[in-house]
Structures are given as structure tokens and as C-alpha cells.
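Peer 1: the following block contains a protein sequence and its predicted model.
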Amino acid sequence: TKSGFYTDTIPNAGGCDSILSIHLTIHRSTSDTLTVSSCYLYTSPSGKYTWTTDGTYQDTLATSAGCDSTFTINLSIHTNSTATLPVTACNQYLSPSNKYIWTSSGTYIDTIPNVAGCDSILTIDLTILELDTTVSRNGATLTANQANVDYQWIDCNNGNKPVDGATHQVFTPEKNGTYAVVIITASCTDTSSCMTVSNVRTHKIYTNKVSVYPNPSSGS
């Protein structure tokens with residue numbers, strides 16, 4: 001039962017002693033415990049078994065020396081998860097997996113890994129809002145063509161800085177420049193193209209000293 005050098009004797013073909021010198025190596029069986037998580041099912045290391053439920057299982061492989069290697073497998077089986085997402089987006093929507101871009105309303109399916117590494121199957125009820133970002137111009141007055149939303153006019157020549165107080169559908173700038181409107185709804189925000197206004201009438205204010213006399217006066 002131990003490795004070492006041993007001798008043994010058996011008869012040879014002539015009936016005399018055949019003395020054998022034996023250089024013996026004894027190998028041992030091994031054992032190990034595995035903690036495994038798997039999606040849907042798990043095939044044992046030997047390939048002999050397929051398990052589909054949580055539990056503790058045994059399997060045996062041959063070691064490189066030909067002895068048994070015994071495994072105790074603590075197995076957790078995970079499954080798919082599902083979810084339904086109502087989504088509202090402007091113009092287009094990038095799917096959670098980043099694989100798809102959808103540009104029209106409808107019901108779509110996407111798949112991402114869940115926390116266990118299995119499939120999370122998403123049903124997406126998608127509503128695409130198509131905002132009208134065009135602007136009409138009448139002289140120096142700009143009008144956003146999208147009605148019944150919130151507005152913020154911005155100065156394209158000033159780093160898209162919001163114009164103070166310009167939060168209505170109709171906007172008449174106080175000076176020539178290039179302007180756009182940010183259209184805002186509860187679900188999305190979009191911005192028009194910049195439009196140049198070059199016919200704003202500017203007014204100069206003159207301040208004069210006025211003397212009234214005689215003072216006091218009861219006449220004109």
C-alpha cells in the first residue's frame with residue numbers, strides 16, 4: 001500500500017525461481033468540493049450527468065494516474081428573468097443592450113444579462129414622440145411650429161445661452177443674431193436649427209436736460 005522497492009518470486013518457465021524487483025509507486029484517489037452556479041442546467045465534469053435543479057451532487061473523474069477523483073458539487077441553478085418596460089423617447093430609442101435603434105412606436109424584445117448571468121428578456125412598449133423642431137420667420141419674429149409644449153429660445157452666437165424671458169412660442173429678438181428654440185415636453189427635449197435674424201430695428205434713447213420755467217407757474 002506504499003510506494004517503495006519490493007521483491008517477489010514466481011516460477012519461471014524452467015520451474016526455477018524468477019526473482020522480481022518491483023519499483024512501486026502508489027497513487028491516491030483525490031476529492032474536491034466545487035461550488036457552481038449555472039443557467040438552466042449543468043453538465044457534470046465527467047459528462048455523465050445533467051442536473052437542472054439546485055442540490056449537492058457527486059461525480060467522479062480519473063486522475064492522470066488513473067485513480068478516482070471524486071467531486072462534491074454544490075449546485076445553484078438560475079433561470080431567465082423577464083420584465084416589461086413602458087418607454088417614451090424622442091425621435092429614436094437605443095435598446096438596453098445597445099444592439100438596436102428603434103425609430104417608430106411599437107412593442108419590441110431585447111435581451112441583457114441579469115444579475116445571475118442568465119438572460120433577462122425585456123418587452124419594451126415604446127412610444128416615439130416626433131416633435132416638430134421647425135421654426136417660421138416673419139420679419140424679425142420667430143415662431144416655433146410645435147404647439148402646446150414648453151419653450152426656451154437660445155442665442156446660438158453666445159454658446160447657446162438661454163435668452164432671458166424668451167419662453168413663449170413666438171419670439172422677437174431685441175438684436176440681430178442667430179437663434180434657436182428648445183422644445184420641452186414631460187418626456188423629451190429637442191432643439192431646432194439655428195435661424196439668423198438680421199432685420200431687427202434698433203432704437204437709440206436720447207437723454208436731454210429739460211428746464212421748465214417760470215417755476216412755479218399757473219399757466220402753460
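Peer 2: On my side now, so go ahead. Residues are numbered from 1 along each chain as shown.
Peer 1: look up how far Thr196 lies from the residue positioned nearest the centre of the chain.
Peer 2: Closest residue to the average C-alpha location of the chain: Pro96 at 5.0 Å, with CA atoms, centre = their mean. Using CB to CB, to the nearest Å, one obtains 40 Å as the distance from Pro96 to Thr196. Where C-beta positions appear, they are placed from N, C-alpha and C, glycine not excepted.
Peer 1: cool, Gln58 as well?
Peer 2: Taking CB to CB, one finds Gln58 at 80 Å from Thr196.
Peer 1: circling back to that earlier point, correct me, but the residue nearest to the centre of the chain touches Ile112?
Peer 2: Yes. Counting by CB atoms under 8 Å, Pro96 does reach Ile112; the two are 5.3 Å apart.
Peer 1: next, show the common contact partners of those two.
Peer 2: Listed as contacting both Pro96 and Ile112 by CB atoms under 8 Å, 6 or more residues apart in numbering are Leu122.
Peer 1: pLDDT at Cys188, what is it?
Peer 2: On pLDDT, Cys188 comes in at 84.
Peer 1: do the same with His203
Peer 2: 65.
Peer 1: same question for Ile128.
Peer 2: Model confidence at Ile128, given as pLDDT, is 90.
Peer 1: burial check on Arg137, number of neighbours?
Peer 2: For Arg137, the count of nearby residues is 13 (other CB atoms under 10 Å).
Peer 1: one more: Asp110?
Peer 2: Counted with other CB under 10 Å, Asp110 comes out at 17.
Peer 1: with just CA atoms, put the helix or strand it falls within into CSV.
Peer 2: Take DSSP states H and E as the rule and Asp110 turns out to sit in strand 106-113. C-alpha atoms of strand 106-113 as CSV (Å, rounded to 0.1, in the frame of the first residue of the first chain):
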residue,chain,number,x,y,z
GLY,A,106,-44.3,49.5,-31.1
THR,A,107,-43.6,46.5,-28.9
TYR,A,108,-40.0,45.2,-29.1
ILE,A,109,-37.9,42.5,-27.4
ASP,A,110,-34.4,42.9,-26.1
THR,A,111,-32.1,40.6,-24.0
ILE,A,112,-29.5,41.6,-21.5
PRO,A,113,-27.7,39.5,-18.8
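Peer 1: could you give the mean pLDDT of it?
Peer 2: 95.
Peer 1: tell me what it is packed against?
Peer 2: Using 3 or more CB pairs under 8 Å, 6 or more residues apart in numbering; DSSP states H and E, the elements in contact with strand 106-113 are strand 119-129.
Peer 1: from the chain's centre, how far out does the strand it packs on sit?
Peer 2: Relative to its chain's centre, strand 119-129 lies at 13 Å (CA atoms, centre = their mean, to the nearest Å).
Peer 1: quick one: name whatever helix or strand follows that strand.
Peer 2: Using DSSP H and E, the helix or strand that follows strand 119-129 in sequence is strand 135-138.
Peer 1: just the angle between the strand holding Asp110 and strand 119-129, please?
Peer 2: Counting by axes from the mean of the first three to the mean of the last three CA atoms, to 10 degrees, strand 106-113 lies at 150 degrees to strand 119-129.
Peer 1: not counting its own residues, what contacts strand 106-113?
Peer 2: The contact list for strand 106-113 (CB under 8 Å, 6+ apart) reads 95-97, 99-100, 102, 119-126.
Peer 1: report the lowest-confidence entry in these.
Peer 2: On pLDDT alone, Asp119 ranks lowest of the contacts of strand 106-113, at 91.
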